[in-house]
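Colleague: What would the 3D arrangement of this be:
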Amino acid sequence: MRPHHLILSALLLTGCTQKQADLKPAIDSITADGILGHIKVLASDEFEGRAPASKGEDLTIKYLTSQFQKLGLKPGNPDGTYLQNVPLVGITSHTDTNFLIKGKKFPLTPKIDFIASSERTVPEVKVTDSPIVFVGYGVVAPEYNWDDYKDVDMKGKTMLILVNDPPIPDPSDPTKLDDKMFKGRAMTYYGRWTYKYEIASTKGAAAVLIVHETGPAGYPFEVVSGSFGRENFTIQRPDKNADRVPVEGWITYAKAAELCKMAGKDLDALKKAAIKKDFKPVALDAKANFTIKNDLRNVDSHNVIAKLDGSDAKLKDEYVIYTAHWDHLGRDTTLTGDQIYNGAVDNASGTAGLLEIAAAYTKLDPAPKRSILFLSVTAEEKGLLGSEYYAENPLYPLRKTMADINMDGLNQWGKTKDLVIIGLGNSTLDDIATDIAKSQDRVIVPDAEPEKGFYYRSDHFEFAKQGVPALDADAGIDYIGKPAGYGQKKRDEYTANDYHKPSDEIKPDWDLSGAVEDLKLFFQVGYRVAQSEQIPEWKAGTEFKAKRDAMMK
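Modeller: Numbering: from 1, shown residues only. Sure, this is the predicted structure:
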């Protein structure tokens with residue numbers, strides 16, 4: 001770390017005339033002991049896995065509030081509190097399905113062949129005699145001159161839709177994907193399952209079934225059936241989600257192929273046709289019937305937010321926001337032995353990092369020009385609901401929110417020569433991070449698995465979706481003093497042994513020195529944004545740019 005270089009860089013970037021804060025005391029205040037101390041509390045058995053609307057939530061929001069108060073940070077909610085209420089609905093769907101192909105019954109086994117539920121917060125949803133239409137990848141992407149619907153009316157229909165983006169071959173090398181179309185191998189938001197449901201809703205469809213494939217989806221069908229086959233949550237809305245497509249589901253590729261064959265079509269051939277711009281929806285001689293009965297319960301959860309006022313009279317009404325979700329999976333009383341999902345890495349560590357960065361900002365004199373918000377969100381594990389609620393009901397205007405910097409799981413295994421940025425190249429925040437990494441003698445590297453769409457799977461995404469430039473980093477994998485492959489090995493071990501399991505606890509071999517380095521970088525990225533005359537922007541070709549451009553006009 002070379003702090004003098006950092007101070008000079010910030011001065012050059014901002015061109016400011018007011019007194020420049022000495023960053024060294026703030027940077028040096030971020031420590032491994034500080035991070036670990038917070039994790040020990042948040043991931044303790046006493047906090048019972050930090051499930052929303054539980055004793056664990058009560059203890060967590062009390063702890064976070066007390067920490068923000070100790071730091072002298074202002075309540076982040078303009079109502080004078082540190083809390084934003086997030087009203088949720090728990091939904092357990094019981095689905096009865098009947099498909100008719102050319103007038104004959106088509107057998108489907110729930111959770112084996114398909115899964116279907118409803119996000120509408122009503123006791124019953126019925127879809128009757130809905131024509132099934134294959135819509136390819138179901139994408140409308142003006143920037144790629146791509147429209148899979150060609151003005152075909154989808155109202156009342158059941159859309160059969162492929163997962164991920166259209167895999168367009170590179171004209172000069174058919175063994176590769178064309179990186180000028182849908183970012184090549186990297187998933188865009190058009191490939192994400194949430195987009196498929198959103199576009200079906202805007203088209204007025206009655207139901208949508210995503211055709212599951214393990215490779216393009218990034219996970220096996222059991223993950224889908226396990227996730228959607230239990231109680232799920234959505235945000236309480238006055239219209240009870242009436243604008244959502246009534247039925248949302250998945251079907252295995254094998255069963256979808258069987259359906260198409262019975263209807264006189266070949267799914268493999270349809271899939272090949274769907275990677276061409278001239279593709280049009282294909283009506284199948286098939287109809288779908290769904291009856292879904294929902295068990296509903298209303299719960300209130302909370303985001304926790306604190307604020308550091310900016311020091312510049314003109315810029316203090318603009319904001320840099322740091323996010324980390326505080327929630328995890330709670331307690332499962334049906335388990336024998338350990339029943340508590342402590343979530344030490346996911347995401348007690350990111351929440352601890354948020355508190356350490358908040359403490360660092362209080363060491364600055366003067367404070368940054370722009371105001372800084374520290375937002376710990378709920379219900380990330382339920383589908384990014386806390387961040388979605390904030391982004392739809394912001395306490396401060398999104399037009400004046402310059403950036404979101406998100407932390408979801410910190411590095412536990414020591415210092416690295418690199419830092420992974422998910423979605424590298426999306427915004428100018430990546431350029432700032434790259435410059436600061438150089439001052440740490442480190443390099444920024446892209447996600448090694450961009451096809452899995454990690455950019456769309458954490459809280460920063462809800463800000464990006466609304467147009468706010470967002471940074472999401474992951475631990476590096478090139479560990480100092482460790483053999484090649486060590487980082488990927490540790491990552492794979494965590495995924496296999498601890499991810500979303502009761503065993504995600506503090507381990508005796510943890511080395512948080514790498515987490516410290518990463519947090520120092522995140523702190524400085526936010527500080528630069530808070531000081532600079534140049535505000536972060538999405539780069540050309542990024543799917544969020546149009547929304548931001550329209551917002552800033």
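Colleague: buried sites along stretch 463-470?
Modeller: Of the residues in stretch 463-470, Phe463, Ala464, Lys465, Gln466, Gly467, Val468, Pro469, Ala470 count as buried by neighbour count, 16 or more other CB atoms under 10 Å. C-beta: built from backbone N, CA, C; applies to glycine.
Colleague: scratch that, stretch 437-453 is what I was asking about
Modeller: Going by neighbour count (16+ other CB under 10 Å), the buried part of stretch 437-453 is Ala437, Ser439, Gln440, Arg442, Ile444, Val445, Asp447, Pro450, Glu451, Lys452, Gly453.
Colleague: average pLDDT for that stretch?
Modeller: Throughout stretch 437-453, pLDDT has a mean value of 92.
Colleague: List every C-alpha atom in that stretch, with coordinates, as CSV.
Modeller: C-alpha atoms of stretch 437-453 as CSV (Å, rounded to 0.1, in the frame of the first residue of the first chain):
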residue,chain,number,x,y,z
ALA,A,437,-5.5,-1.9,-7.5
LYS,A,438,-2.3,-0.7,-9.2
SER,A,439,-1.4,1.3,-6.1
GLN,A,440,-1.7,-2.0,-4.2
ASP,A,441,0.5,-3.8,-6.7
ARG,A,442,-2.5,-5.8,-7.8
VAL,A,443,-4.4,-6.4,-11.0
ILE,A,444,-8.1,-6.5,-11.7
VAL,A,445,-9.3,-9.7,-13.5
PRO,A,446,-12.7,-10.7,-15.0
ASP,A,447,-14.9,-13.4,-13.6
ALA,A,448,-13.8,-16.8,-14.9
GLU,A,449,-17.4,-18.0,-15.4
PRO,A,450,-19.2,-15.1,-17.0
GLU,A,451,-21.7,-17.5,-18.6
LYS,A,452,-23.3,-18.1,-15.2
GLY,A,453,-24.5,-14.6,-14.8
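Colleague: List the contacts of it.
Modeller: Outside stretch 437-453, the residues that touch it by CB atoms under 8 Å, 6 or more residues apart in numbering are 1-2, 5-6, 9, 164, 183, 185-187, 191-192, 216, 218, 416-425, 430, 433-434, 454-455, 474, 476-478, 488, 517, 520-521.
Colleague: of the residues you listed, buried ones?
Modeller: For the contacts of stretch 437-453, a burial check counting by 16+ other CB under 10 Å picks out 6, 9, 164, 183, 186-187, 191-192, 216, 218, 416-424, 430, 433, 454-455, 474, 476-478, 517, 520-521.
Colleague: Mind checking which of the buried residues of stretch 437-453 land in helices?
Modeller: Within those, residues falling in helices by DSSP state H are Ala437, Ser439.
Colleague: Just name the closest of the buried residues of stretch 437-453 to Gly337, please.
Modeller: Distance to Gly337, by CB to CB, is smallest for Lys452 among the buried residues of stretch 437-453, at 31.2 Å.
Colleague: all strands of the stretch 201-350 of the chain, in order?
Modeller: Here the stretch 201-350 of the chain has its strands, by DSSP state E, counting those that start in this stretch, at 207-212, 232-235, 247-252, 282-308, 319-325, 330-331, 340-341.
Colleague: for those strands, which one sits closest to Thr31?
Modeller: Among the strands of the stretch 201-350 of the chain, the nearest to Thr31 by CB to CB is strand 319-325 (17.5 Å).
Colleague: next one: that closest one to chain centre, how far?
Modeller: Distance of strand 319-325 from its chain centroid, counting by CA atoms, centre = their mean, to the nearest Å, is 13 Å.
Colleague: which helices and strands sit right next to that strand?
Modeller: Applying 3 or more CB pairs under 8 Å, 6 or more residues apart in numbering; DSSP states H and E, we find strand 319-325 packed against helix 350-361, strand 371-377, helix 385-392, strand 401-406, helix 460-465, helix 513-531.
Colleague: Looking at the buried residues of stretch 463-470, which is nearest Thr175?
Modeller: Ala464 (31.5 Å).
Colleague: ok, Leu519 - contacts?
Modeller: Shown in contact with Leu519 (CB under 8 Å, 6+ apart): Ile30, Ile35, Gly353, Glu356, Ile357, Met407, Leu410.
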